[in-house]
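J.: My questions are about this predicted structure, shown below with the sequence.
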Amino acid sequence: MMRVDALLSRYGYCSRREAKGWVNAGRVVCQGVVVKNVNSRVEPKDVLVDGEPVPFVDGLYVALNKPIGYTCSHDEEGDLVYDLLPAQWLQRGDGVNSVGRLDKETSGLLLLTDDGAFLHALTSPKRHVPKVYEFETESPIPKDAVAQFAAGTLLLRGEKTPCAPATLRIVEPCKGELVLHEGRYHQVRRMMAAVGAPVKLLHRSAIGALRLDDLKLQPGEWVAIDPALFK
Ligand code: URA
């Protein structure tokens, strides 16, 4: 149970101060009864605001098909992944953040949430959630990169520990798929550059059991997901 003014600000409708105006205008209904007082305590699941249920009362978990050219940041110049979400979500009390990042020039599956514990659990190096990347390279992928990546011996410039074992599949001479269990800065691009096949196109197609193709999202579209998929 929570106060109506707390609910309206927690879920991004308005500030606590503005809540009175919303309530006085009859915009908030609980179990079929118009709420008269911002101090009333309500169960968020029982509430309609402007006739609609409160979205994601138990936490926001969304998969986005990130287009090329969008940045995973709240405060940079240019197009941001957050511009692709309803503005009200960004006003939610706990904020909305991406689970890890994709480079501006990388497309594909990106998870977004307002649940800090979920975010940290999924990005923790201990979790090893597999992430699948599809890419095209500027020059043919050397066959021995498959064994080198699998062995977990590749040391990237500036790093102290070698990359964890990763599975590389050469699909065509200049096309590959790489499954990573960790998330270092620009990791796919740096690994492929290290074996002499720089990446020119990069796309993330899956995180754990969640495959972007199954979600049928156009670039820029999002869909709610069940966080239990990652338990
Ligand atoms: N590896 C990269 O190089 N870029 C990404 O966006 C993700 C993984």
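T.: Cool, the structure landed. Numbering: from 1, shown residues only.

J.: outside of stretch 183-190, which residues touch it?
T.: Residues outside stretch 183-190 that contact it (C-beta atoms under 8 Å, 6 or more residues apart in numbering) are 100, 103, 123, 131, 133, 135, 156-157, 159, 163, 178, 180, 198-199, 202. All C-beta spots, glycine's among them, are computed from the backbone N, C-alpha and C.

J.: tell me the mean pLDDT for it?
T.: Regarding stretch 183-190, the rounded mean pLDDT is 96.

J.: chain center to it: distance?
T.: Relative to the centre of its chain, stretch 183-190 is centred 17 Å away, using C-alpha atoms, centre = their mean, to the nearest Å.

J.: Residue 206 bridge partners, please.
T.: Each beta-bridge partner of residue 206 is listed here: residue 132, residue 211, as defined by DSSP bridges.

J.: Stretch 144-160 and the ligand, any residue contact?
T.: No - residues of stretch 144-160 are not located near the ligand by C-beta under 6 Å from any ligand atom, the shortest gap being 10.8 Å.

J.: Settle this for me: residue 98 is touching residue 111, isn't it.
T.: Yes - taking C-beta atoms under 8 Å as the definition, residue 98 is a contact partner of residue 111 at 7.0 Å.

J.: Ends of stretch 203-221, what's the gap?
T.: From the first residue to the last, stretch 203-221 extends over 15 Å; the measure is C-alpha to C-alpha, to the nearest Å.

J.: Repeat that for stretch 14-31.
T.: Stretch 14-31 has its terminal residues 21 Å apart, counting by C-alpha to C-alpha.

J.: Mind checking the pLDDT average for it?
T.: Along stretch 14-31, the predicted confidence averages to a pLDDT of 97.

J.: higher neighbour count, residue 98 and residue 111?
T.: A side-by-side neighbour count of residue 98 and residue 111, using other C-beta atoms under 10 Å, places residue 111 first with 24 against 20.

J.: who touches that one in this structure?
T.: Going by C-beta under 8 Å, 6+ apart, residue 111 touches 61, 62, 63, 64, 98, 99, 100, 122, 207, 210, 225.

J.: other SSEs contacting the host helix or strand of the second one?
T.: Same thing as residue 62. Taking DSSP states H and E as the criterion, the element that holds residue 62 is strand 61-66. With contacts defined as 3 or more C-beta pairs under 8 Å, 6 or more residues apart in numbering; DSSP states H and E, the secondary structure elements packing on strand 61-66 are strand 106-113, helix 212-215, strand 222-224.

J.: Distance from the chain centre to that strand, please.
T.: The chain centre lies 5 Å from the centre of strand 61-66; the measure is C-alpha atoms, centre = their mean.

J.: Now do it and strand 106-113, the angle between them.
T.: Interaxial angle, strand 61-66 versus strand 106-113 (axes from the mean of the first three to the mean of the last three C-alpha atoms, to 10 degrees): 160 degrees.

J.: Could you tell me the per-residue confidence at the most centrally placed residue in the chain?
T.: Residue closest to the mean C-alpha point of the chain, counted by C-alpha atoms, centre = their mean, is residue 111 at 2.0 Å. What the model reports as pLDDT for residue 111 is 98.
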